[in-house]
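# next come a sequence and a model predicted from it.
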Amino acid sequence: MTKPLVAITGASSGIGAAAARLLSSEGHPLLLLARRLELLEELGLPDTLCRKVDVTDRAAVEAAVRDGEQRFGPVDGLVNNAGAMLLGRIADQPVEEWERMIDLNVKGLLYATRAVLPGMIARGRGTIVNVSSVAGRKTFPNHVAYVGTKFAVHAMSENLREEVASSGVRVVTIAPGAVETELLSHTSDERIKSDYEAWKKSAGGALDPRAVAEAIAYAYRQPPNVTVREIVLASTGQEA
């Protein structure tokens, strides 16, 4: 392989799938993780290992990373993209939805990071890209639990960047506004979903996942001594 291995979580659709297509087109072998293995395989990308993994399962994440490294060499880039956006009012939102977001958006990110970070530190290079959200920088109606997890992603990313900077490892936060993905479909409150769709329409539509993938690739392409610490992007019409 002329280019190093990149691992992407939540790679079966949306931002993860777009990033996989783009990085594959640039010659990177890939380790793709998601719960829907059939969608990973349908991408049909060369030099790609697909694994059915829920990132809340730490042992499964570790095993998949070891398999990918055995086949393609060390993970040089990790895109922590797996996540859930379950909008709701704290007074009546099912508590299970809070727990799912905390497990996936926070603990899943930590598990994947832990699986690759010791090797990166030992080699003195590597890049971890954490896909957060504009909701990791400001609040929105009906977003309390989700915003909490994304503020956590921003805080953990910056703290980790400080922790590993002297080791030659880069940490990047990508903070998109509304993106056309499956995330909203998992919200159980139909009124909130309808209001969110109307808000997107009033802003002229949401970002294409490919725009976020380009931001991820831009940060990763920088020379090893350059860290793009954070990229915030949204559709031009999105005011908030």
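Received, thanks.
# lowest-pLDDT helix or strand in this structure?
Comparing every helix and strand of the chain by mean pLDDT, DSSP states H and E singles out helix 190-202 as the least confident one, with a mean of 84.
# check the offset of that one from the chain's centre.
Relative to the centre of its chain, helix 190-202 is centred 23 Å away, using CA atoms, centre = their mean, to the nearest Å.
# okay, buried residues for the helix or strand just after it please.
Tracing the chain past helix 190-202, the next element assigned as helix or strand by DSSP states H and E is helix 209-221. Burial within helix 209-221, assessed by neighbour count using 16 or more other CB atoms under 10 Å, is assigned to 209, 211, 212, 213, 214, 215, 216, 217, 219, 220. Where you see a C-beta, it was placed from the backbone N, CA and C, and this is true even at glycine.
# by contact count, what packs against helix 209-221?
Under the contact definition 3 or more CB pairs under 8 Å, 6 or more residues apart in numbering; DSSP states H and E, helix 209-221 sits against helix 14-25, strand 126-131, strand 169-176, strand 230-233.
# how about it as PDB, C-alpha atoms only?
What follows is helix 209-221, C-alpha atoms only, in PDB (Å, rounded to 0.1, in the frame of the first residue of the first chain):
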ATOM      1  CA  PRO A 209     -22.600  14.700   3.200                       C
ATOM      2  CA  ARG A 210     -19.900  15.100   0.600                       C
ATOM      3  CA  ALA A 211     -19.100  18.600   1.700                       C
ATOM      4  CA  VAL A 212     -18.400  17.300   5.200                       C
ATOM      5  CA  ALA A 213     -16.300  14.500   3.700                       C
ATOM      6  CA  GLU A 214     -14.200  17.100   1.900                       C
ATOM      7  CA  ALA A 215     -13.600  18.900   5.200                       C
ATOM      8  CA  ILE A 216     -12.500  15.700   6.800                       C
ATOM      9  CA  ALA A 217     -10.100  14.900   3.900                       C
ATOM     10  CA  TYR A 218      -8.800  18.500   3.900                       C
ATOM     11  CA  ALA A 219      -7.800  18.300   7.500                       C
ATOM     12  CA  TYR A 220      -6.200  14.800   7.100                       C
ATOM     13  CA  ARG A 221      -4.200  15.800   4.000                       C
END
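# distance check, residue 22 against residue 211.
Separation of residue 22 from residue 211 (CB to CB, to the nearest Å): 11 Å.
# now residue 20
When distances are taken as CB to CB, residue 20 and residue 211 turn out to be 15 Å apart.
# do residue 21 as well
13 Å.
# list the contacts for the residue nearest the centre of the chain?
Closest to where the C-alpha atoms of the chain average out (CA atoms, centre = their mean) is residue 81, at 1.5 Å. Residues in contact with residue 81 (CB atoms under 8 Å, 6 or more residues apart in numbering) are 8, 9, 10, 11, 14, 15, 16, 19, 131.
# surely the fourth one is in a strand?
No - judged by DSSP: H, G, I helix; E, B strand; the rest coil, residue 11 forms no part of a strand; its state is coil.
# phi first, then psi, for the closest residue to it other than its chain neighbours.
The spatial neighbour of residue 11 that comes closest, neighbours along the chain excluded (CB to CB, 6 or more residues apart in numbering), is residue 32 at 4.0 Å. Reported as degrees, to the nearest 10, the phi and psi values for residue 32 are phi -110, psi 130.
# what pLDDT does the model give residue 32?
The confidence metric pLDDT takes the value 98 at residue 32.
# my guess is it meets residue 51, correct?
Yes - the pair residue 32 / residue 51 is scored as a contact, 7.2 Å apart, by CB atoms under 8 Å.
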